[in-house]
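Asks: Need a 3D model of the sequence below.
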Amino acid sequence: MLKTRFEVVRQAIDVLFRRLERLPPSEETAELRARVRDCMRRAGEWTASPPPDQERDELMKHVLALHVKLAKLEGQVQQIPVGELLAS
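Replies: Numbers count the residues shown, from 1 in each chain. Here you go, the predicted structure:
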């Protein structure tokens, strides 16, 4: 069961990285990328020793919250006129 949960979290983190790559550079994307890397590091520790249920659940919720923040950021970027994106 731990392996399945680890795989779900790892895939969710991979999706975050792929979506971040499609966004223009900004402070927000840099901050999100750092937070995603931290999640990857924490999940990587699970291979050494299984986490307590509470720690695992907290990380899963954190990854989900990052998906929500990224979706909001993607929505903001889509609303910016193309000319402004090209000028930056």
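Asks: Scan the helices and strands of this protein for the one with the lowest mean pLDDT.
Replies: Lowest on mean pLDDT, DSSP states H and E among the helices and strands of the chain sits helix 82-87, with a mean of 52.
Asks: Pull out the buried residues from the longest helix anywhere in the chain.
Replies: Looking across the chain with DSSP state H, the single longest helix is helix 53-79. In terms of neighbour count (16 or more other Cβ atoms under 10 Å), helix 53-79 has its buried residues at Arg56, Leu59, Met60, Val63, Leu66, Leu70, Leu73. From N, CA and C alone the C-beta is placed, and that goes for glycine too.
Asks: so what's the fourth one up against?
Replies: This points to Val63. By Cβ atoms under 8 Å, 6 or more residues apart in numbering, Val63 lies in contact with Val9, Ala12, Ile13, Leu16, Cys39.
Asks: From the contact counts, what lies against the host helix or strand of Leu32?
Replies: Taking DSSP states H and E as the criterion, Leu32 maps to helix 27-44. Packed against helix 27-44 by the contact rule (3 or more Cβ pairs under 8 Å, 6 or more residues apart in numbering; DSSP states H and E) you find helix 2-21, helix 53-79.
Asks: where does this structure dip in pLDDT?
Replies: 1-3, 79-88 (pLDDT under 70).
Asks: From the structure, what's the count of residues near Arg18?
Replies: 9 (other Cβ atoms under 10 Å).
Asks: Going forward, count from 703.
Replies: Okay, residue one is now 703; in that scheme the one you just asked about reads as Arg720.
Asks: wait, which of the contacts of Val765 is closest to Thr731?
Replies: Leu718 (10.9 Å; Cβ to Cβ).
Asks: tally of neighbours for the closest one?
Replies: 22.
Asks: Nearest residue to it in space, please, no chain neighbours.
Replies: Nearest non-adjacent residue to Leu718, counting by Cβ to Cβ, 6 or more residues apart in numbering: Val738, 4.7 Å away.
Asks: Same question for Val717.
Replies: Counting by Cβ to Cβ, 6+ apart, the residue nearest Val717 is His769, at 7.6 Å.
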